[in-house]
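**Student:** Have a look at this fold, sequence not included:
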């Protein structure tokens, strides 16, 4: 979950370190699996970055069940390659027959074949969409004053279903080798400090 005024691009720096960890894990022989991640958005400007690794080429399916019949916000998924190039954006599911269990018509779905490698998946509220063809271009609400979701009228709001006031999100990633939320800057610093302390403890133990 991002905090108000946090620049989306600041997360890209930490995503590279996280990517290296993910690729290392994949090299240890991890197999394709189904992963579920969840969290909570607070502001309309929030963007969650998911680090995704495929050890081998294959078909993947990324989908949300966050809409909850209008109790939560309308999510959008945007997939970028390892260089930050936008590959695909997935918004409302066009065919009700294709819905996964728990999904609603305003949930998002991206299903496609990908080469082995590293990818970044962005989850945001619809209306805060990629500005251009790369992650570096940012998102449409970047730089605006953050508005809490419980006070925001989302562009896709429906007055009959509570205006999407909730911020809970759930994301399913089928067919991936590894996936995890990219830490925010503060979390990344804590992780690095913990690693340094662990390394120091191991050195002292060996001595």
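**Tutor:** Yep, it's here. Just so it is clear, the model here is predicted, and its values are computed rather than measured.

**Student:** Around residue 72, how many other residues sit close by?
**Tutor:** When neighbours are defined as other CB atoms under 10 Å, residue 72 has 26 of them. (C-beta placed from N, C-alpha, C; glycine too.)

**Student:** Please name the nearest non-neighbouring residue to it.
**Tutor:** Nearest non-adjacent residue to residue 72, counting by CB to CB, 6 or more residues apart in numbering: residue 166, 3.8 Å away.

**Student:** which residues does the one you found contact?
**Tutor:** Contacts for residue 166 (CB atoms under 8 Å, 6 or more residues apart in numbering) come out as 68, 71-73, 149-150.

**Student:** One more: residue 60?
**Tutor:** Residue 60 neighbours (CB under 8 Å, 6+ apart): 52, 54, 110-114, 173-176.

**Student:** Nearest to residue 139, out of the residues you listed: which one, please.
**Tutor:** Taking CB to CB as the measure, residue 139 sits nearest to residue 110 out of the contacts of residue 60, at 16.9 Å.

**Student:** before we move on, which element is residue 66 in?
**Tutor:** Counting by DSSP states H and E, there is no helix or strand that carries residue 66.

**Student:** need the contact list for the nearest residue to it once chain neighbours are set aside.
**Tutor:** Leaving aside its chain neighbours, residue 66 sits nearest to residue 169 (4.3 Å; criterion: CB to CB, 6+ apart). Residue 169 is in contact with 38-41, 48, 64, 66, 72-73, 75, 123, counting by CB under 8 Å, 6+ apart.

**Student:** Strands of the chain, start to end?
**Tutor:** Secondary structure of the chain by DSSP state E: the strands cover 33-40, 47-54, 58-64, 75-81, 86-90, 109-114, 117-125, 168-176, 178-181.
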